[in-house]
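J.: based on what follows, work out the 3D shape:
(chains A, B, C and D)
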4 protein chains.
Amino acid sequence: MTIVAPRTPNTALKLPTDEGVLLVQGEDRPGLVRATSSALAENGVNIVSLDQYTDDPEGGNFFQRTVFHVDDYAAVRPVLEQSLQDALGKGLGLTWTLSDRSAPKRVAILASTSDHCLLDLLWRQRRGEIPMTVPMVVSNHTAVADDVRSFGIPFVHVPSQGADKSDAEARILDLLVGNVDLVVLARYMQILSEDFLQKVGVPVINIHHSFLPAFIGAGPYRKAKERGVKLIGATAHYVTGDLDEGPIIEQDVVRVTHADTAADLQRRGADVERAVLARAVTWHCQDRVMRNGRETVVF
Amino acid sequence: MTIVAPRTPNTALKLPTDEGVLLVQGEDRPGLVRATSSALAENGVNIVSLDQYTDDPEGGNFFQRTVFHVDDYAAVRPVLEQSLQDALGKGLGLTWTLSDRSAPKRVAILASTSDHCLLDLLWRQRRGEIPMTVPMVVSNHTAVADDVRSFGIPFVHVPSQGADKSDAEARILDLLVGNVDLVVLARYMQILSEDFLQKVGVPVINIHHSFLPAFIGAGPYRKAKERGVKLIGATAHYVTGDLDEGPIIEQDVVRVTHADTAADLQRRGADVERAVLARAVTWHCQDRVMRNGRETVVF
Amino acid sequence: MTIVAPRTPNTALKLPTDEGVLLVQGEDRPGLVRATSSALAENGVNIVSLDQYTDDPEGGNFFQRTVFHVDDYAAVRPVLEQSLQDALGKGLGLTWTLSDRSAPKRVAILASTSDHCLLDLLWRQRRGEIPMTVPMVVSNHTAVADDVRSFGIPFVHVPSQGADKSDAEARILDLLVGNVDLVVLARYMQILSEDFLQKVGVPVINIHHSFLPAFIGAGPYRKAKERGVKLIGATAHYVTGDLDEGPIIEQDVVRVTHADTAADLQRRGADVERAVLARAVTWHCQDRVMRNGRETVVF
Amino acid sequence: MTIVAPRTPNTALKLPTDEGVLLVQGEDRPGLVRATSSALAENGVNIVSLDQYTDDPEGGNFFQRTVFHVDDYAAVRPVLEQSLQDALGKGLGLTWTLSDRSAPKRVAILASTSDHCLLDLLWRQRRGEIPMTVPMVVSNHTAVADDVRSFGIPFVHVPSQGADKSDAEARILDLLVGNVDLVVLARYMQILSEDFLQKVGVPVINIHHSFLPAFIGAGPYRKAKERGVKLIGATAHYVTGDLDEGPIIEQDVVRVTHADTAADLQRRGADVERAVLARAVTWHCQDRVMRNGRETVVF
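T.: Numbering: from 1, shown residues only, chains lettered A, B, ... in the order given. Got it, this is the predicted structure:
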């Protein structure tokens, strides 16, 4: 059942070479920016851009994203990692991750029958807009199989099987674990178990078709029509065990009127859903998003 | 305690003369537009603009707003009313209202300590942007008294008196009943009783400082910060006995980030609140808003 | 060289039956709404929605869009046309057109190498969002051929041939004339001659990649970057002999920052371009757009 | 003629104490962030937030904004300035400025007869939303005198005197030079000479009532109506000798329709103008805006 996920060809994707992103997170204290920039400078690294945020000047949490350039990054990286571990990890108790901008994220997309979010991601991937490859699309339906394969991307059908999801989830885990860096639910209409979320071991991003926390749960467009709202929206968030309660990455809305039917809301909402999901996935793949409890920091 | 509400001077307000607005509402059936336009044409009335909407082509509700011009409207009006009553009321069982665009709506504003919504309405009134006069501002505090009076508008202080609101509400009713066509709650921090709403006899518009139905009740900006939303909003709605559940007239949002504190959200939200309330009051005073159960039709 | 344009299968498109749209345009005078609604009512027609606009209450131009339902529209239509001609054409000198909502518009799309506007239109057509069929896509390049054909839509390659465009234009005219109701330029990078526009005989809609009239001509994203604007936009307009000067149907913008490169602007602008073009084409195909000199009236 | 500009009372303005902003600008090279953060850390300064931008990774310009906290800033400041001068000025040839967040900017507002931008700034100043005081408002008309004085702010009338502006400009310079840190043109309808701009010695921010570069010059709303645009906008920019060509700080737009008259555009545009100007002035007073040739970097 295990397939080897091929890297999809992605000739449009022009990724910077010899550039990396350093994310640092932890308890705020004086000297963190200096410690970080010193560890970089000592290794000949030049900072391209740096964003920093502290959620409370007194005893809050510290977040920092640094994009840097260094000649022959591949060779420098092990030394740099040691410097960072000495300066940030051991010395200051900070959490940090280092990434290589020339390596796109490997993203699996889970979908059901709706194609708008899925196709938008695949188009953007093909155009080179998002630093990602898509090793596979998994669906509990076959409706989108031909479209996915026309992009040269493997499509795997894993049917839902009623109340007991453990078998289907196990098959999906076989496909994903070790093969991908991110899972995107592109209007995937199955609720993933906490067990799945733990075992998959990578972040999972979902698109919810309402402006959360309004209209939590099923049927948000119908509920929006009944309430007579003048704007409808969509929310991209990390999936946690609490349904529709995970940290929000991005939201947007579109104006509607009394003359829009529930079907119109759904159609207009589809445009917002795909735009919001595309932005959230792009930012995640650019290492711009850091979690802070129930919130996100988006640099 | 009763005061005679003076018409505030409003020299900037240039209202069209010999123009009226006809609102018609009722069960949809064939021939309604013809019946209306015939009744108008027979009286020498020229239609300036006409909007029409049916919420269900099969057996739904019909809504129509017609702006018209007729020479010497004051003289024609009684005859026109008779024609409309014959054609629409008796003949078709429709509800209709006729207004005169040269007569601004008389609007009382209730406020507490926040001034942003109040001052924005008074400034727009002075500029002639909203077809209204403001005979009085009533507040349970005195913080805004000087500002209100600097616009030449009477300010009346009616203190809240703890749990039993009946006395304060009775005093406010004395001021309002018969003197105004609309009541606007411009961040008025008291909940009006159903008894008050019934006795006041005119529509009441409130501004809620969230994108309803998200963050119903008190402290919406604090709740929004805790939930980590990426947009905050405001909602103008007609007040009913169900708190925060009345028909929505207008909503809007503004983008926020992780770096915005709850105080920042409140400050940025204030801009949305005043804009949304100003639009809702303007549209109401232009006879553009019709109620349809829990929803509104805004032409 | 002439091909017979097949109607593309479009099973998702659910079009209303027995419904039509009447557009009326001409010199304003009293009684026009009555004349129209009478002509409709006499033929058993029920008005579903009606929008009306006069650009100047005194001696201006009158515009009206009426959506209506009538049993067995196909049978009634000839009689209705006669009534309208008598009442509106002969009687009042108005211009009017009648359409059938069950018949989608036939739309040819012209493209070059960019695929974002083209694919978005084809995808919306397949989803049934726009009441149109796409009998053919014509391009001066072959880059988009496979994508177009994967939608089951004919792709025709008509290469540009240097300075003298008359031959290429003649070939395109052979394909279009008589076969389509609308031509859409989806980032088609050739300027059409006045001769072509005259001979094609149907409206032509273009998407310009700037917020017109800012950055007219070539290279708008580069110019926008140089000027340091904080918003970039796109404009959909009818094509006339004056380049970038035709009546604007729709515009929109997106926020950018100093950190966006010219390539970023192009990428972000692409999202606005496809959204703006899709709205303009949808509205045109719904008979919502009427021309008023250099402006449009969009109901 | 010289008046001593009083600090207006501004009890709502809660400014942070012992916090400063350091802006650094210059030719990019490796080690700049480290040099800055070291100079700060050596003086016991804790970085609250840091934004950094380089307009070209290879040989571009470097921009950095650092908000910091240090105990007893007033006492530390001279030592800190020396450290920065040694590290950044002498060592690296960078330009830097240091400000104290407890000291609001002193802002003079120039106005003519329109009050919307002016009053919005004065309200926000009174509410404590903008870290500024307004020592005076200067106008070539007297229309806004009473409103200004009702805020407890001095109003000075300097009439325009025909073609030769030198005398009026000289009088305004007498009022401003040495007394203010910023000049805001809040719909001031006089063009300032290059000589004035040079002598005033502080930045000047203007609000233009169009989405520049569309509709440069006079009458933008009339031109927008004639062109039939679907969005109108406003632009806040630094004033330079080239009219309407200065570096843009902020822009925004609002949707309009065919039904809006030129007067409607002006009214709706006024809301955008005041919002855009308020944001630009706020950001400037928060030391968030840096000039980069014809562009701005807004952190």
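J.: please work out how many residues are found near residue A:153.
T.: By other Cβ atoms under 10 Å in any protein chain shown, 19 other residues sit near residue A:153. To be clear about C-beta, it is placed using only N, CA and C from the backbone, and glycine gets the same treatment.
J.: tell me the confidence at it?
T.: On pLDDT, residue A:153 comes in at 97.
J.: distance of it relative to chain B?
T.: According to Cβ to the nearest Cβ, to the nearest Å, residue A:153 stands 30 Å off from chain B.
J.: could you do residue A:200 as well?
T.: If you measure residue A:200 against chain B using Cβ to the nearest Cβ, the figure is 23 Å.
J.: which residues touch stretch A:189-199?
T.: For stretch A:189-199, the external contacting residues (Cβ atoms under 8 Å, 6 or more residues apart in numbering or on different chains) are A:112-113, A:140, A:160, A:165-166, A:168-169, A:172-173, A:177, A:185, A:204, A:239-241, A:243.
J.: report the buried members of these.
T.: A:112, A:140, A:165, A:168, A:169, A:172, A:185, A:204, A:239, A:240 (16 or more other Cβ atoms under 10 Å in any protein chain shown).
J.: what's the helix or strand of chain A with the lowest mean pLDDT packed up against?
T.: Ranked by mean pLDDT, DSSP states H and E, the weakest helix or strand in chain A is helix A:91-92, scoring a mean of 83. Contact here means 3 or more Cβ pairs under 8 Å, 6 or more residues apart in numbering or on different chains; DSSP states H and E; on that basis helix A:91-92 packs against helix A:32-41.
J.: after the helix it packs on comes which helix or strand?
T.: Where DSSP states H and E defines the elements, the next helix or strand beyond helix A:32-41 is strand A:46-54.
J.: can you list contacts of that next one?
T.: By Cβ under 8 Å, 6+ apart, strand A:46-54 touches A:19, A:28, A:33, A:37, A:40, A:60-70, A:297, A:299, B:258-259, C:259, D:29-33, D:47-54, D:57.
J.: re earlier: after the least confident helix or strand of chain A comes which helix or strand?
T.: Helix A:91-92 is succeeded, C-terminally, by strand A:95-100 (DSSP H and E).
J.: which strands border that following strand, and is each parallel or antiparallel?
T.: Each strand that pairs with strand A:95-100, with its direction, by DSSP bridges: strand A:19-27 (antiparallel).
J.: the strand it pairs with vs helix A:32-41, what angle?
T.: Orientation check (axes from the mean of the first three to the mean of the last three Cα atoms, to 10 degrees): strand A:19-27 against helix A:32-41 gives 150 degrees.
J.: which of the three states applies to residue A:284?
T.: helix (DSSP: H, G, I helix; E, B strand; the rest coil).
J.: what pLDDT is listed against it?
T.: With respect to pLDDT, residue A:284 scores 98.
J.: state the distance from the closest residue to chain C within the stretch 51-200 of chain A to chain D.
T.: Going by Cβ to the nearest Cβ, chain C is nearest to residue A:150 of the stretch 51-200 of chain A, at 5.2 Å. For residue A:150, the distance to chain D equals 36 Å [Cβ to the nearest Cβ].
J.: what is the neighbour count of the nearest residue in space to residue A:57 that is not next to it in sequence?
T.: Using Cβ to Cβ, 6 or more residues apart in numbering or on different chains and skipping residues adjacent in sequence, the residue nearest residue A:57 is residue D:48, 5.2 Å away. Look at residue D:48: counted by other Cβ under 10 Å, it has 21 neighbours.
J.: swap in residue A:201?
T.: 13.
J.: which of the contacts of stretch A:189-199 fall within helices?
T.: Residues of the contacts of stretch A:189-199 located in helices (DSSP state H): A:166, A:168, A:169, A:172, A:173.
J.: off-centre distance for stretch A:214-225?
T.: Put simply, stretch A:214-225 sits 24 Å off its chain's centre (Cα atoms, centre = their mean, to the nearest Å).
J.: for it, how far is the first residue from the last?
T.: Terminal residues of stretch A:214-225 lie 13 Å apart, using Cα to Cα, to the nearest Å.
J.: that stretch: which residues count as buried?
T.: A:214, A:215, A:220, A:221, A:223, A:224, A:225.
J.: run through the residues you listed and flag the ones next to chain B.
T.: Restricting those to those adjacent to chain B (criterion: Cβ under 8 Å from any Cβ of the partner chain) gives A:214, A:215.
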